[in-house]
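K.L.:
any chance you could fold what I've pasted below:
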Amino acid sequence: MKPARLGPAWWTIALASVVALLIAYFGSLRAGGYALAVVLLLAAFLRLLPASVTDGLAVRSRMVDVLTLCSFALAVVVIFAVVKI
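P.N.:
Got it, this is the predicted structure:
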């Protein structure tokens, strides 16, 4: 088993996640939550690309990963929309 390298998609998602957390910390918590949901949707989209680009993002099969990331994005949107902050 060869270790997975961190491809460009992984670095994109990592940087976008940090930006979303900074928005939540320094700006609006709700806006940061929505930004995190957008990052999850971006990760789902990037996971659809070829394996050479998505090194580091692949966990299970492509469709399971995409469905899981979309479900998490929906859950984050619902949570940040419903919870009173």
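K.L.:
ok, now which ones touch Phe72?
P.N.:
Contact partners of Phe72, counting by C-beta atoms under 8 Å, 6 or more residues apart in numbering, are Leu40. For every residue, glycine as well, the C-beta is placed using N, CA and C.
K.L.:
and it, how far from Gly56?
P.N.:
Applying C-beta to C-beta, to the nearest Å, the value for Phe72 to Gly56 is 17 Å.
K.L.:
all helices of this structure, in order?
P.N.:
Secondary structure of the chain (DSSP state H): helices located at 8-26, 29-47, 62-82.
K.L.:
just say which of those helices is most tucked in.
P.N.:
helix 29-47 (a mean of 19; mean count of other C-beta atoms under 10 Å).
K.L.:
quick one: stretch 33-40 to chain centroid distance?
P.N.:
A distance of 7 Å separates the centroid of the chain from that of stretch 33-40, by C-alpha atoms, centre = their mean, to the nearest Å.
K.L.:
nope, stretch 59-76 is what I was after
P.N.:
With C-alpha atoms, centre = their mean, you get 9 Å for stretch 59-76.
K.L.:
for that stretch, output the C-alpha coordinates as CSV.
P.N.:
The C-alpha trace of stretch 59-76 is given here as CSV (Å, rounded to 0.1, in the frame of the first residue of the first chain):
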residue,chain,number,x,y,z
VAL,A,59,-11.6,8.0,1.2
ARG,A,60,-14.1,5.6,-0.3
SER,A,61,-15.6,5.2,-3.7
ARG,A,62,-16.1,8.4,-5.7
MET,A,63,-19.9,8.4,-5.4
VAL,A,64,-19.9,7.6,-1.7
ASP,A,65,-17.5,10.4,-1.0
VAL,A,66,-19.6,12.9,-3.1
LEU,A,67,-22.9,11.9,-1.5
THR,A,68,-21.3,12.1,2.0
LEU,A,69,-19.8,15.6,1.3
CYS,A,70,-23.1,16.9,-0.1
SER,A,71,-25.0,15.5,2.9
PHE,A,72,-22.6,17.2,5.3
ALA,A,73,-23.0,20.5,3.4
LEU,A,74,-26.8,20.2,3.7
ALA,A,75,-26.5,19.4,7.4
VAL,A,76,-24.2,22.4,8.0
